[in-house]
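Participant: Make a model of this:
(one chain, ligands or ions: 2)
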Amino acid sequence: MQELEERIQAEGTVKVGDVLKVDAFLNHQCDVRLFDHMGAAWAEHFAGKTITKILTIEASGIGIACCAAHHFGDVPVVFAKKAQSINLDGDQYTTTVYSFTKQKEFPVIVSKKYLNPGDHVLLIDDFLANGKALRGLIELCEKAGATVEGIGIAVEKGFQGGGDKLREEGYDVDSLAIVESMDPETGKIEFRR
Ligand SMILES: O=P(O)(O)OC[C@H]1O[C@H](OP(=O)(O)OP(=O)(O)O)[C@H](O)[C@@H]1O
Ligand SMILES: O=c1[nH]c(=O)c2nc[nH]c2[nH]1
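Facilitator: Ligands and ions are numbered 1, 2, ... in the order given. The predicted structure follows:
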């Protein structure tokens, strides 16, 4: 998606440790017009599929998923929580995920009320790096008996391999920008073509 690639080139910075910082528009300050355009791009890609629910993971996937939902008939958006809470009651599907930016393991929890065997799920997230967050969401869907119809990602770091492994396994992964290489010393960012 050209608009997203241009924003990354204009406002993104490359940090050591394979971190691309795009918090001016994607995952701290949020450009909702851009999010809307991203939702439209995923709707075009997944046009032939029936989507009954969007599933994401807190925190950074939530805003993007909510904007995308408008393009899928305002389907419900469910986000997996990364901490237990007195506000979480009843039976839950749980697993654990290693967080790329926080560098520690988190529980990942969805109430059984909000993920069902009849659901046809689109997974949405801001970043795809090693694929840990998506693996957690896929596991929750498997536990619920829900079908993963596709995966919509804003920025995939292709050189970390998580996305290509999922594609090899047959998942339909639509990443709107795939960073093939990035250099913290020069700041150069190259996209997959
Ligand atoms: O493919 P992976 O290696 O799993 O990396 C991608 C995940 O990393 C980030 O989550 P993180 O927990 O780091 O931060 P967040 O709380 O801002 O969502 C991002 O939001 C994705 O969920
Ligand atoms: O802001 C972010 N930058 C990244 O490079 C990244 N990788 C996973 N999650 C990420 N979030």
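
Participant: What parts of this protein come near ligand 2?
Facilitator: Within the chain, the residues that sit near ligand 2 (C-beta under 6 Å from any ligand atom) are V19, L20, K21, N27, F100, T101, F127, A129. For the C-beta atoms, the positions are set from N, CA and C on the backbone; glycine is no exception.

Participant: what residues are up against the second one?
Facilitator: In this case it means L20. Neighbour list for L20: I8, G12, T13, V14, F127, V155, K157, V179, M182, I189 [criterion: C-beta atoms under 8 Å, 6 or more residues apart in numbering].

Participant: What are the boundaries of the helices in the chain?
Facilitator: If DSSP state H is used as the criterion, the helices of the chain fall at 2-11, 32-45, 61-69, 132-144, 162-168.

Participant: rewinding a little: return only those of the residues of the chain next to ligand 2 found close to ligand 1.
Facilitator: Checking the residues of the chain next to ligand 2 against ligand 1 (C-beta under 6 Å from any ligand atom), the matches are N27, F100, T101, F127, A129.

Participant: List only those of those flagged as buried.
Facilitator: N27, F100, F127, A129 (16 or more other C-beta atoms under 10 Å).

Participant: Based on its surroundings, how many neighbours for the closest residue in space to Q29 that isn't next to it in sequence?
Facilitator: Of all residues not flanking Q29 in the chain, D23 sits nearest, at 6.5 Å (C-beta to C-beta, 6 or more residues apart in numbering). By the criterion of other C-beta atoms under 10 Å, D23 has 14 neighbours.
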